[in-house]
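> I'd like to go over a predicted model; first the sequence, then the structure.
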Amino acid sequence: MEPHGIWTHPIPRRVYLRRQTFTVHALPPHIDPAEKQFTDKLRAFRAMYGKDYYVILLVPNQAYERVRRSYPQAYDAIYMSTDIPDLLYQLKAQSMQ
């Protein structure tokens, strides 16, 4: 299975350091309630059908690290959206063997 969720994105913040300005992405102060509801559904699904299904999450690059750390019970594997071309190549290569 490859579910897609609603992910709360980091907030860009400006940091001033040694007379230079940098933009960093900080954790959002509040998580979208839809994200919590979605991950709770995934946890319940895995608890009920985990032996029959393998749940793969594809998340935006900006949310990857936070989602990976915050919801380990919601998936079997997690990938960034930029990983998709490599994953498809590997899948095709394995299917041709």
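Sure, I can see it.
> CA only for contacts and neighbour counts going forward, please
OK.
> Once you drop chain neighbours, what's closest to the residue most central in space within the chain?
Nearest residue to the geometric centre of the chain (C-alpha atoms, centre = their mean): residue 59, 3.4 Å. What sits nearest to residue 59 in space, not counting adjacent residues and going by C-alpha to C-alpha, 6 or more residues apart in numbering, is residue 80, at 5.1 Å.
> Residue 51 versus the one you found, what's the distance?
24 Å (C-alpha to C-alpha, to the nearest Å).
> Now for the residue nearest to residue 59: which residues touch it?
Each residue near residue 80 by C-alpha atoms under 8 Å, 6 or more residues apart in numbering is listed here: 58, 59, 60, 61, 64.
> Just the buried positions in stretch 64-77, please.
64, 67, 68, 74, 75 (16 or more other C-alpha atoms under 10 Å).
> Give me the neighbour count for the residue lying closest to the fourth one once chain neighbours are set aside.
So the one you mean is residue 74. In space, and not counting its chain neighbours, residue 74 is closest to residue 43: 4.6 Å by C-alpha to C-alpha, 6+ apart. Using other C-alpha atoms under 10 Å, residue 43 has 17 neighbouring residues.
> Make sure residue 82 is actually in contact with residue 61.
Yes. Here residue 82 lies in contact with residue 61, judged by C-alpha atoms under 8 Å, at a distance of 7.2 Å.
> Relative to residue 20, which of the buried residues of stretch 64-77 is nearest.
Ranked by distance to residue 20 (C-alpha to C-alpha), those are led by residue 64 at 27.7 Å.
> so who does that closest one touch?
79, 80.
> if we go to 10 Å?
Taking C-alpha atoms under 10 Å, 6 or more residues apart in numbering as the criterion, residue 64 is in contact with 7, 9, 57, 58, 70, 78, 79, 80, 81.
> Show residues contacting the helix or strand containing the third one.
Taking DSSP states H and E as the criterion, residue 57 maps to strand 56-59. Outside of strand 56-59, the residues within contact range by C-alpha under 10 Å, 6+ apart are 1-7, 64-65, 67-68, 74-84.
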